[in-house]
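Visitor: any chance you can model this:
(chains A, B, C, D, E and F)
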There are 4 protein chains.
Amino acid sequence: MADTQRQRLEAREEAILVAATAVLGESGVDGARMAEIARRADVAEGTVYLYYKNKHDLLEAVVDRFWRELTLGAIAAISDNTTATEQLRELAHYHLQSLITDFKLVEITSRAGMRHDEPGRQLPQVREYVRVFDAIMQRGINQQEFQANTPIWQMRDVFYGSLEYSARTLVLRAQGLDKSVVENVIGLFNLHRVDADSDKQPPSASIADHDTIIEALARIESKLS
Amino acid sequence: MADTQRQRLEAREEAILVAATAVLGESGVDGARMAEIARRADVAEGTVYLYYKNKHDLLEAVVDRFWRELTLGAIAAISDNTTATEQLRELAHYHLQSLITDFKLVEITSRAGMRHDEPGRQLPQVREYVRVFDAIMQRGINQQEFQANTPIWQMRDVFYGSLEYSARTLVLRAQGLDKSVVENVIGLFNLHRVDADSDKQPPSASIADHDTIIEALARIESKLS
Amino acid sequence: MADTQRQRLEAREEAILVAATAVLGESGVDGARMAEIARRADVAEGTVYLYYKNKHDLLEAVVDRFWRELTLGAIAAISDNTTATEQLRELAHYHLQSLITDFKLVEITSRAGMRHDEPGRQLPQVREYVRVFDAIMQRGINQQEFQANTPIWQMRDVFYGSLEYSARTLVLRAQGLDKSVVENVIGLFNLHRVDADSDKQPPSASIADHDTIIEALARIESKLS
Amino acid sequence: MADTQRQRLEAREEAILVAATAVLGESGVDGARMAEIARRADVAEGTVYLYYKNKHDLLEAVVDRFWRELTLGAIAAISDNTTATEQLRELAHYHLQSLITDFKLVEITSRAGMRHDEPGRQLPQVREYVRVFDAIMQRGINQQEFQANTPIWQMRDVFYGSLEYSARTLVLRAQGLDKSVVENVIGLFNLHRVDADSDKQPPSASIADHDTIIEALARIESKLS
DNA sequence: GATGAATGAGAGTTCATTCAT
DNA sequence: CATGAATGAACTCTCATTCAT
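Guide: From the prediction side, this is the model:
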C-alpha cells in the first residue's frame, strides 16, 4: 500500500520529467511553458511545483538527468579490453547516435546554458560526460598509443567539437548515422604516435576534382546575385 | 539634402543594429529587450519598428550582419599565394580570435538558429561562412595537398567543429588565444596526404586554378559588401 | 474510552487553535498559511478542515478565544472591594500588559475585523471585553466617584482608546510596561467628581449595589468559561 | 502642447492614485487587486506599472499622500492666536471629522502597517501628523496652560488614542460627529494646570443611575445564556 | 477520523507591439 | 518620420480547499 503510494509518486515525478524533457527539447528554455509541461504530464499546473521548486529547478533536473544518463550510456558503450583508438571509435559512434536523437537538448544545455547571467558556465553533469573522453585520451597516452605532445584538453576539445558539429550537420541533413562518418572522423585525427604503420596509408586524391571547386564557386556566385 | 536625409536614416539603422548586437550578445535572444535596444541606439521604442518589422526580424538582421562580416573578415585574413594548409592556419586563427570576442553571439545564432520551431535550420549567412572553409579544403585537395578520401563536408565539419568547441573552452577558461592552440588544432588533423608515397606526389595546383579560386573569392567578397 | 476519544479530539482542536493563534499573530490574516498552521499543530492540512469549515472560520475562532480569555483575565484582575478608580487602575495595568504581549493579534482583530466587506463590524467577544470597562465606569458613577455628565460610552472610548494607543507606542519603542505609564494615563483623566463641592459628595455606593455587581460579574465569568 | 501632454500624465497618475485609494480603503492591502485599481482608473493593467514600480509602491504612495494631506489639513484647521486648549479642540474636531470619512484607510495604514515583516513600524507621514499634536501639547506646556508632570508623548498618546477610538465608535454606530463628542473628549482630560478655575465644575451625577448598571448586567447575562 | 497529494483559479508582473500626437 | 505612453495577453507561481486512500 505504502509501496503503491511511493510508486505513484515516482511515476508522477518521472512523467513530469519526461514531459519537461520533451518540451524543453522542442521549445528551448524560455520557450518552455510550465502549463504545457503540466498538460503533457497529465497533471495540474500546481502539481509540478510539488516536485520542483520552480521552472529553473525543473529544467535543471531535466538537463542533469539527460547528461547523467548520457554518461552512463557512454561508459557502457566502451569495451574494456581494447585499444584507446577502438574505444574512441565506440564512443564516437555512441555520441553521434545520441546527439542525433536528442540534438536539440544538447544544443540547449551544453551550450547556451540554463542561465543568462553565467553564459559560459558548464553544468557539472556535462563536465562528467566530457571526462569520459578525457579518460580515453589519457589511457591512449599512457599506453603510448597516442602522442603526448598536445595537452589532453586540447585533444579532447578537438575530438569532441568535431563530433558535436558533425552531429549537427547530420541532423541538418536529416541524415542517419552511417558507419563511414565515424570512420572518417576518427581517421582525420593525428592522435596517434607516428609509428611506422605505413600500411594504413590512404589512397591519394583524384586530381580531377579541380572542376568541382570551380563549379561550386560558380554556384555560390549565382546564388549571391 | 536628400543625401543627408538618407545618411541619417542609414546611421539610425546602423545604430539600432549595433545596439541590438550588443544586447543580443549580453542577454541572449529571449533576454534581449526591445526597450533596451532602443535606449542604447538612442532612439524611441517605436522607432525600431520603423526599421524592422518585429523583434525576430531585428535579431535576424543582427545575426545576418554578424556572419556576413565574419565571412568578409575570413576572406581578408587568408593570404593569396600560399598552401591550403597555411590558409587553414590563418583561417583557424581568425576564427578562434573572432569567436573568443563574440562568443555569445555565435552560440546563440549558429546553433539555436533563433527559432524554436525550426531547430536545425541554418542561416544562409552561416552557410556562406562555412563555405570559406570548404573552399580551402577543396583547394587543398585539388592541389593534392590534402587527402581526398573523405568527403569535403566531413573534413570541414571536423575542422570547424574543433575550432568552435576549442573557442568555447578558451572562453570558459577566460583564456586568451595563444598561437600554440592554433598549431595544436592544425597539428591534430590528418588532412594531408601521407608523404611517404612521394612518388605519387602531384605537382602543386596549376596557377590557373589558383587564380580562378582567388578571383571567385574576390567576387564573393565584392557581392557581400 | 469514549472519553479518551473525546479528549483526543478536544486536544487536537486546541492544538490547531494554538497554532493558528501563533501564526495569525506572526503573519497577519492574509499572511497566515493554512499549511503552516497545520504543521505547527502537528496535524495534516486536511485535518484542519475537519474542525473548521475554512480559513475564515478558523481565524474567527482564534480571535473569539483570544478576546474571551482576555475578558476572563480582566475580570480576574479586578479586586472586589475597592473603588472604581482603583479597579480602573488594575484594569489599565492588565490591559496594557496583555496588549504589549499580544499586540499583533489585537491590531488585527479588534480593528480590521477580519473582513474586508464589513469594515466596521465589531466582534461580539470584543464588545464583551469592552463591557468590563463600561461596568466599572457605571459603578464609578453610581458610587458618585465619577462624574456623570459624559455618556458612559464616551468615557469608555476615551479611556480604552488611550490605553490601546499607549500600548502601541510602548510596543513601538520596544519598551516594557512600567507603572508610571498606568499612573499617568489614569492621572490624565477627569473622570472624577471635583472634590471641591464636597458637600454634594455622595455616600459610597451601597453595599447591596456593590455585591450585585460582583455577583453579576461572577456570573458572566462562569458563563464565559 | 507639451503642457497638455504633461497634464494628461498627471491626470492619469492622479486617477490611478484615486482609484488605488478607494480600493485600498474598501479591500485592504492584501485584498486590493491591481486589476481592480486599473479598471477604476480606466487604464490598462500594465499602465499602472508605468507610474508605480509595483503594488507595494503604489499603496505606499496612497498612504503617503493621505497622511500628508491630513497633516496639511490639520495645520490649516488650527487657529493661530488662541490657547492650546482651543487648538486642541479644533484639532480634535478636524481629526474626528477626517477619521469618520476615511476610517478604513486610517485603520489599515496607521495600524496594521503595510508590511508583515515590520509589524510595528510607523510610516514617516504618520509620524509627521502626530507631531502636530505634540506641537500643541508643547505649546500648552510652554505657556503654562498644561501641566508638565507627564511626558509629552504620553499626553499625546492618551489624547490621540482617545480620538482614534472615538472615531471608531462613531463609525461603528454610523453616527455623524456632533460637537458634544469633541467637548466631552476634551473635557475628560486633565491636561490643565490645577488652577483655581473651580467655576468649570460639572454637575454631579444623579444617584439614580444604579438601576442602569443592574439592567445592563442583566442584559449581558441574558445574551450570554 | 486522518491524511497529504492534487487541484486550479487567480494573483502580480512583463514586454512586444501599436498609434495618437 | 519619430515618439513614448498605453496596451493586454501571457507568463510563473501560490495556496485554500478537496477527496481518494
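Visitor: can you list the domains in chain A?
Guide: Structurally, chain A divides into domains by automatic domain parsing as follows: A:1-52, A:63-197.
Visitor: list the buried residues of the longest helix along chain A.
Guide: Identified as the longest helix of chain A according to DSSP state H is helix A:2-31. Neighbour counts over helix A:2-31 (16 or more other Cβ atoms under 10 Å in any protein chain shown) mark A:12-13, A:15-17, A:19-25, A:27-29, A:31 as buried. Heads up, the C-betas are built off the backbone N, CA and C, glycines and all.
Visitor: pLDDT on that helix, on average?
Guide: Per-residue pLDDT over helix A:2-31 has a mean of 91.
Visitor: kindly report the same for stretch A:109-123.
Guide: Per-residue confidence for stretch A:109-123 averages out to 61 on the pLDDT scale.
Visitor: end to end, how far does it reach?
Guide: Between the opening and closing residues of stretch A:109-123 we find a distance of 8 Å, counting by Cα to Cα, to the nearest Å.
Visitor: name the nearest residue to A:Tyr51, ignoring sequence neighbours.
Guide: Take A:Tyr51 and drop its neighbours on the chain: the residue closest to it by Cβ to Cβ, 6 or more residues apart in numbering or on different chains is A:Glu13, 5.1 Å away.
Visitor: returning to what we had before: who wins for proximity to B:Ile100 among the domains of chain A?
Guide: Distance to B:Ile100, taken as Cβ to Cβ, is lowest for domain A:63-197 among the domains of chain A, at 10.9 Å.
Visitor: next one: that closest one to chain centre, how far?
Guide: 7 Å (Cα atoms, centre = their mean, to the nearest Å).
Visitor: and among the domains of chain A, the most buried is which?
Guide: Scoring those by mean neighbour count under mean count of other Cβ atoms under 10 Å in any protein chain shown gives domain A:63-197 as the most buried, with a mean of 18.
Visitor: hang on, the earlier thing: adding distance to B:Tyr94, write the domains of chain A out as TSV.
Guide: Rendered in TSV, the data for the domains of chain A read as follows (distance: least, Cβ to Cβ, whole Å):
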stretch	distance to B:Tyr94
domain A:1-52	30
domain A:63-197	17
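Visitor: lowest average confidence across the ones you listed, which one?
Guide: By mean pLDDT, the lowest-scoring of the domains of chain A turns out to be domain A:63-197, with a mean of 83.
Visitor: do it and chain B meet at all?
Guide: Yes - where contact is defined by Cβ under 8 Å from any Cβ of the partner chain, part of domain A:63-197 touches chain B, namely A:103-104, A:107-108, A:111-112, A:116, A:119-120, A:122, A:149-151, A:153-155, A:157-166, A:168-169, A:171-172, A:174, A:181, A:184-185, A:187-191.
Visitor: name all residues that make contact with A:Trp153.
Guide: Shown in contact with A:Trp153 (Cβ atoms under 8 Å, 6 or more residues apart in numbering or on different chains): A:Asp134, B:Thr169.
Visitor: hmm, who's touching stretch A:63-76?
Guide: Taking Cβ under 8 Å, 6+ apart as the criterion, the residues outside stretch A:63-76 that touch it are A:17, A:21, A:24, A:91, A:94-95, A:98, A:102, A:105, A:108-110, A:114, A:123, A:125-126, A:128-129, A:132.
Visitor: can we see that at 7 Å?
Guide: By Cβ atoms under 7 Å, 6 or more residues apart in numbering or on different chains, the list of residues contacting stretch A:63-76 from outside reads A:17, A:21, A:91, A:94, A:98, A:102, A:105, A:109, A:114, A:123, A:125-126, A:128-129, A:132.
Visitor: residue contacts, A:Gln125?
Guide: Contacts of A:Gln125 (Cβ under 7 Å, 6+ apart): A:Val63, A:Asp64, A:Trp67, A:Arg68.
Visitor: how about A:Ala84?
Guide: Taking Cβ under 7 Å, 6+ apart, we find A:Ala84 in contact with A:Ile136, A:Arg139, A:Gly140, A:Gln143, A:Glu145, A:Phe146.
Visitor: restrict those residues to contacts with DNA strand E.
Guide: When those are filtered against DNA strand E using Cβ under 7 Å from any atom of the strand, no residues are retained.
Visitor: show only the entries of those found in helices.
Guide: Filtering the contacts of A:Ala84 for helices - DSSP H - leaves A:Ile136, A:Arg139, A:Gly140.
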